[in-house]
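Student: How does the following fold in three dimensions:
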Amino acid sequence: MNSQRDLRQELLRQIPAVDQILQRPSVASWVNRTSRGFVVSEIQTLLARLRSDLRGTGAPADNAVDVAGIEMQLTERLQYRISPVLTTVINATGVILHTNLGRAPLSAAAQKSLSAVSAQYTNVEYDLDRGARSHRDQLVEPVLMELLGCEAATVVNNNAAAVFLILDTHATGKEVVVSRGELIEIGGSFRIPEIMARSGARLCEVGTTNKTRLADYEAAIGPETAMLLRVHTSNYRIRGFTERPSLGELADLARRCNLPLVEDIGSGSLVDLKPYGIADEPMAQDSIAAGVALVCFSADKLLGGPQAGIIAGSRRWLDPIRRNPLMRTYRVDKLVYGALEATLISYRTGQALREIPVLRLLSMPLQELTLRGKRFLRRLRSTLPPGASAVALAGESVVGGGSCPDVSLPTLLLALTSDQLSANEIETRLRRQHPPIIARLEDDRVLIDLRTVFLAQEKTLQKGIIEAMS
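Tutor: You can find the predicted model right below:
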């Protein structure tokens, strides 16, 4: 014990000084790349940890204070400290709108817009024709009006904010009539009753979970009623003995009572997805045509754009939302406007299915995936290490993002197994690649779904799989 204590004391005395470490060539280059203060702080942190380790239990290593070893540790730490935590990943899960992986990947046009507007001054609130200040909504309101057939539109930071602003503007201190079957909770504990309470509106539930009739709404309307609210149940479905009035019937009732009908459609589809097996996602333009006063939806789900919430409809009901003092707390910046406008232009030109990644992935036929999968499997098998195997399986992709809970899309899966590694070990190794590869774990197998892997990522995916299974 005394010899170990003496060794620790001797090693503590041998710990190099900060200035000695700063003189090492690679450390000096870090000072030039960053700053002396940053590097000195990291050296001090590393040396403090080393002293703590030497004072701990167990036999210390003879080379614990080797200056070359400290230099290597420091270089690794400095590289880690300047590396962003947010990074790109390969989504091999088959979940198209993967909330944990950022939902909708942006189109090439949206990426180009982000690159352009992020590095320069922009006309975000400047009217180039008049040479005067303007409102930022004017950047995308015209194209939204054109696509949706509405009188006015505005953009906020997400659809939850859109719902809250509508309620706060038009229903504070009054009642909002909602069917019991539409009192949803979505990801992040966003609950319609709770958001309504926060806005100051009072919830008036009508009907039952599975059946709500037009007469239920009509009977609930009174002097304190501010609006009728229709909510699309994005992440669940009620089947069987069900009933609810059509959107047109609700809109007629609201007009007769001089009330707004507001519809939260959630995922924000702007194209008919029935040909691709998605039958019950409402389209915003259909809601406007049916007579809703305001419709709100996400921009980063089925629309395929950046994170944002869109409110569209009658100018009578939308203009007061723009004047709400809270509007400023939910507004979006020039980057979101740039990416959103580029995305919407793809719809304007009729090229959305070709240009917007989410729609391409949703509409990708099984035949195309099967051909891709077989080609990729041949290349992969020729380079797999001994004991590793990969086989093709029939499987299913899902939409994700709280959208289309009943929908699965047929796909081809690649199942990875190894004689030396468990499925959990393979999955962990894939996740630690650069870039990380996020896969599925099912039945003690690692599954790769190429539906959500872009063609340009296939070589990187192959390299990552080989390294993970070696």
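Student: residue ranges for the strands of the stretch 201-350 of the chain, please.
Tutor: 202-206, 225-231, 261-266, 294-298, 309-313 (DSSP state E, counting those that start in this stretch).
Student: packing partners for the first one?
Tutor: Using 3 or more CB pairs under 8 Å, 6 or more residues apart in numbering; DSSP states H and E, the elements in contact with strand 202-206 are strand 175-179, helix 192-199, helix 214-220. Just so you know, the C-beta spots here come from the backbone N, C-alpha and C atoms, and that holds for glycine as well.
Student: Could you say which of the ones you listed is packed most deeply?
Tutor: The highest mean neighbour count among these, using mean count of other CB atoms under 10 Å, belongs to strand 175-179: a mean of 24.
Student: what's the model's confidence in that strand, averaged?
Tutor: If you average the pLDDT over strand 175-179, you get 93.
Student: Could you tell me how far that strand lies from the centre of the chain?
Tutor: 30 Å (CA atoms, centre = their mean, to the nearest Å).
Student: neighbouring contacts of it?
Tutor: 167, 192, 196, 201-207, 212, 216-217, 220-222, 224-231, 244 (CB atoms under 8 Å, 6 or more residues apart in numbering).
Student: Could you do stretch 449-463 as well?
Tutor: 90-96, 98, 357, 361, 364, 369, 372-373, 376, 379-380, 383, 395, 397, 409, 411-414, 435, 437, 440, 448.
Student: Dump that stretch to CSV, restricted to CA.
Tutor: Presented in CSV, the C-alpha positions along stretch 449-463 are these (Å, rounded to 0.1, in the frame of the first residue of the first chain):
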residue,chain,number,x,y,z
ASP,A,449,-34.9,-0.4,-44.7
LEU,A,450,-33.6,1.4,-47.8
ARG,A,451,-36.9,3.3,-48.3
THR,A,452,-35.5,6.1,-46.0
VAL,A,453,-31.9,5.8,-47.2
PHE,A,454,-31.1,8.2,-50.0
LEU,A,455,-29.2,6.8,-53.1
ALA,A,456,-26.3,9.1,-52.4
GLN,A,457,-25.9,7.5,-48.9
GLU,A,458,-25.7,3.8,-50.1
LYS,A,459,-21.8,3.7,-50.3
THR,A,460,-21.5,5.3,-46.8
LEU,A,461,-24.1,2.9,-45.5
GLN,A,462,-22.2,-0.1,-46.9
LYS,A,463,-18.9,1.1,-45.4
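Student: what comes up buried for it?
Tutor: 449-453, 457-458, 460-462 (16 or more other CB atoms under 10 Å).
Student: and these as TSV, adding distance to Gln23?
Tutor: Below are these laid out as TSV (distance: CB to CB, whole Å):
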residue	distance to Gln23
Asp449	52
Leu450	51
Arg451	54
Thr452	49
Val453	47
Gln457	43
Glu458	46
Thr460	39
Leu461	43
Gln462	44
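Student: Okay, and which of the residues you listed map to helices?
Tutor: 458, 460-462 (DSSP state H).
Student: Tell me the one of those residues nearest Arg51?
Tutor: Among these, Thr460 lies closest to Arg51 (CB to CB), at 41.3 Å.
Student: Distance check, that closest one against Thr383.
Tutor: Per CB to CB, to the nearest Å, Thr460 is found 13 Å from Thr383.
Student: try Ile21
Tutor: From Ile21 to Thr383 the distance is 42 Å (CB to CB).
Student: With Asn210 instead?
Tutor: Taking CB to CB, one finds Asn210 at 54 Å from Thr383.
Student: is Met227 in a bridge, and if so with what?
Tutor: Bridge pairing for Met227 (DSSP bridges) gives the partners Val176.
Student: what about Ala157, how many residues close to it?
Tutor: Slight slip there: residue 157 is Asn, not Ala. 17 (other CB atoms under 10 Å).
Student: Name the SS class of the nearest residue in space to Ser199 that is not next to it in sequence, please.
Tutor: Leaving aside its sequence neighbours, Ser199 sits nearest to Leu167 (CB to CB, 6 or more residues apart in numbering; 3.7 Å). The three-state assignment at Leu167 reads helix, by DSSP: H, G, I helix; E, B strand; the rest coil.
Student: so how many other residues sit close to Leu167?
Tutor: 24.
Student: Pro25 too?
Tutor: Pro25: 7 neighbours (other CB under 10 Å).
Student: Return the residues in contact with the closest residue to Ile195 other than its chain neighbours.
Tutor: Using CB to CB, 6+ apart and skipping the chain neighbours, the partner closest in space to Ile195 is Phe164 (5.6 Å). Phe164 makes contact with 195, 198-199, 330, according to CB under 8 Å, 6+ apart.
Student: any idea which helix or strand carries Phe164?
Tutor: According to DSSP states H and E, Phe164 maps onto helix 159-170.
Student: now that helix, how far from the centre of its chain.
Tutor: So, by CA atoms, centre = their mean, the centroid of helix 159-170 is 21 Å from its chain's centroid.
Student: quick one: that helix to strand 175-179, angle?
Tutor: 140 degrees (axes from the mean of the first three to the mean of the last three CA atoms, to 10 degrees).
Student: Let me see the mean pLDDT of helix 159-170.
Tutor: Rounded mean pLDDT across helix 159-170 is 95.
Student: Stretch 373-388 too?
Tutor: 94.
Student: Which positions in it come out as buried?
Tutor: Buried residues in stretch 373-388, counted by 16+ other CB under 10 Å: 373, 376-377, 380, 384, 388.
Student: Adding secondary structure and distance to Pro306, write those out as a markdown table.
Tutor: Formatted as a markdown table, the buried residues of stretch 373-388 follow (DSSP: H, G, I helix; E, B strand; the rest coil; distance: CB to CB, whole Å):
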| residue | secondary structure | distance to Pro306 |
| --- | --- | --- |
| Gly373 | helix | 31 |
| Phe376 | helix | 30 |
| Leu377 | helix | 35 |
| Leu380 | helix | 34 |
| Leu384 | coil | 38 |
| Ala388 | strand | 39 |
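Student: quick one: the strands in the stretch 1-150 of the chain?
Tutor: Counting by DSSP E, counting those that start in this stretch, the strands of the stretch 1-150 of the chain are 90-91, 95-97, 126-127, 132-133.
Student: Tell me which of those strands approaches Leu7 most closely.
Tutor: Nearest to Leu7, of the strands of the stretch 1-150 of the chain and by CB to CB, is strand 90-91 at 47.2 Å.
Student: what does that closest one rub up against?
Tutor: Outside strand 90-91, the residues that reach it (CB under 8 Å, 6+ apart) are 98, 101, 435-438, 452-453, 457, 460-461, 464.
Student: With respect to Thr34, which of the contacts of Phe164 is nearest?
Tutor: Tyr330 (36.6 Å).
Student: Test for you: state the pLDDT assigned to the closest residue to Ala423 other than its chain neighbours.
Tutor: With sequence-adjacent residues excluded and distances taken as CB to CB, 6+ apart, Ala423 is closest to Asp444, at 4.9 Å. pLDDT for Asp444: 88.
Student: For Asp444, the count of nearby residues, please.
Tutor: 10.
Student: same question, Ser118
Tutor: Counted with other CB under 10 Å, Ser118 comes out at 12.
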